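Peer 1: kindly generate the corresponding structure for this input.
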Amino acid sequence: MAGRIRTAVLPVAGLGTRFLPATKAIPKEMLPVVDRPLIQYAVDEALAAGIENIVLVTGRNKAAIEDHFDRSPELDRVLESRGKERELEAVSRIVPEAGRISYTRQPDALGLGHAVWCARELVGNEPFAVLLADDLVLADVPCLKQMIEAAADTGGSIVAVEDVPREHTSRYGILDVGADDGRLVEVRGLVEKPDPADAPSTLSVIGRYVLMPEIFGHLGAMDRGAGGEIQLTDSMAKMIGHSPFHGLRFSGRRFDCGSKAGFLEANIAFALARDDMRDAATKLVRTYAAGAPPAAGSA
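Peer 2: Alright, predicted model coming up:
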């Protein structure tokens, strides 16, 4: 049985170069999907899964993320004076309890594995979760909650996985698969961004992980992998065979918000999933799909 998962690490130190110039002065994690930034979705998913402690691994020019999760007395006073109770409640709700969020810095951009390693002192010697805000999951049951429930049965580490076209394997960490019951798969190996011809499967890891603390020892070796970076996948691979390791085909739809097309699709999908946005979003999608933009002000 896995120990209780109390801490989630959210690496947010990346530069977001694929979204320049939008991310020149704004962290990519603060880009909004409908009306919430990506980082808010990740934190909400972690809290909904029972996570008690959030560790944000930041870098330079990420102060906006810290401000987002802090109170703004000036804004609160303005909203209260104008009778905007709904908006006041919305901005108050996103501020976690005192001490629930911690911050640490990744001083150099040495890869995802290095970012996770930077959180080691705040995680301690216990299992923990990792969430990448770029991977946004629309699901009835939060993806991380599905994983934590599965880990309680399997023990050991578990990663969220989905099938990708073989020509895309060079973009992901790919599993070498053992036993497979259609939902849970035994992980026999992991390969970071293999060429399609060399990929052991098409089952890719997405940005959700439940990991044993032993991974910090492997990450601490600072071995460089694909792209000359310290890859999380490489250290996970070293744990296979020493404790249970599984992949979970989660229920839900994942959107790659690190790409412009995926980010656009996420905005459409999340708007269509909301009662207060569905009708307007459906009308706009149908109108533009028909090749005619709506009249000004019609939305």
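Peer 1: please count neighbours and contacts with C-alpha atoms only from this point.
Peer 2: Will do.
Peer 1: for the residue nearest the centre of the chain, which non-adjacent residue is closest in space?
Peer 2: Here the mean C-alpha position of the chain is nearest to the C-alpha of Leu132 (C-alpha atoms, centre = their mean), at a distance of 2.6 Å. Excluding its sequence neighbours, the residue lying closest to Leu132 (C-alpha to C-alpha, 6 or more residues apart in numbering) is Gly207, at 4.8 Å.
Peer 1: burial of the one you found, as a residue count?
Peer 2: Residues within reach of Gly207, counting by other C-alpha atoms under 10 Å, total 19.
Peer 1: surely it is in contact with Ile158?
Peer 2: No. The pair Gly207 / Ile158 is not scored as a contact, 11.6 Å apart, by C-alpha atoms under 8 Å.
Peer 1: quick one: contacts for Phe216?
Peer 2: Residues near Phe216 by C-alpha atoms under 8 Å, 6 or more residues apart in numbering: 117, 120.
Peer 1: please redo it, this time with the cut-off set to 10 Å
Peer 2: Residues near Phe216 by C-alpha atoms under 10 Å, 6 or more residues apart in numbering: 113-114, 116-121, 123-125, 232, 235-236.
Peer 1: re earlier: the residue nearest to the centre of the chain: what's it in contact with?
Peer 2: Counting by C-alpha under 10 Å, 6+ apart, Leu132 has contacts 9-12, 29, 38-39, 42, 112, 206-209.
Peer 1: ok, it to Gly258 distance?
Peer 2: Leu132 sits at a distance of 10 Å from Gly258 (criterion: C-alpha to C-alpha, to the nearest Å).
Peer 1: overlap in contacts, those two.
Peer 2: With C-alpha under 10 Å, 6+ apart, Leu132 and Gly258 have common neighbours Glu29.
Peer 1: now do the buried residues in the host helix or strand of Ala271.
Peer 2: In this assignment (DSSP states H and E), Ala271 forms part of helix 260-272. For helix 260-272, a neighbour-count test (16 or more other C-alpha atoms under 10 Å) marks 262-263, 265-272 as buried.
Peer 1: quick check: mean pLDDT across the helix or strand just after that helix?
Peer 2: Next helix or strand after helix 260-272 toward the C-terminus (DSSP H and E): helix 278-289. For helix 278-289, mean pLDDT rounds to 92.
Peer 1: what's the angle between helix 278-289 and helix 260-272?
Peer 2: 140 degrees (axes from the mean of the first three to the mean of the last three C-alpha atoms, to 10 degrees).
Peer 1: tell me which residues in helix 278-289 are buried?
Peer 2: Applying a neighbour-count criterion of 16+ other C-alpha under 10 Å, one finds 278, 281, 284 buried in helix 278-289.
Peer 1: need these in JSON lines with distance to Leu219, can you?
Peer 2: Converted to JSON lines, those look like this (distance: C-alpha to C-alpha, whole Å):
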{"residue": "Arg278", "distance to Leu219": "44"}
{"residue": "Ala281", "distance to Leu219": "44"}
{"residue": "Leu284", "distance to Leu219": "47"}
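Peer 1: out of those, which comes closest to Gly59?
Peer 2: Distance to Gly59, by C-alpha to C-alpha, is smallest for Ala281 among the buried residues of helix 278-289, at 35.4 Å.
Peer 1: check contacts around that closest one.
Peer 2: Here Ala281 is in contact with 267-274, 287, 299 (C-alpha under 10 Å, 6+ apart).
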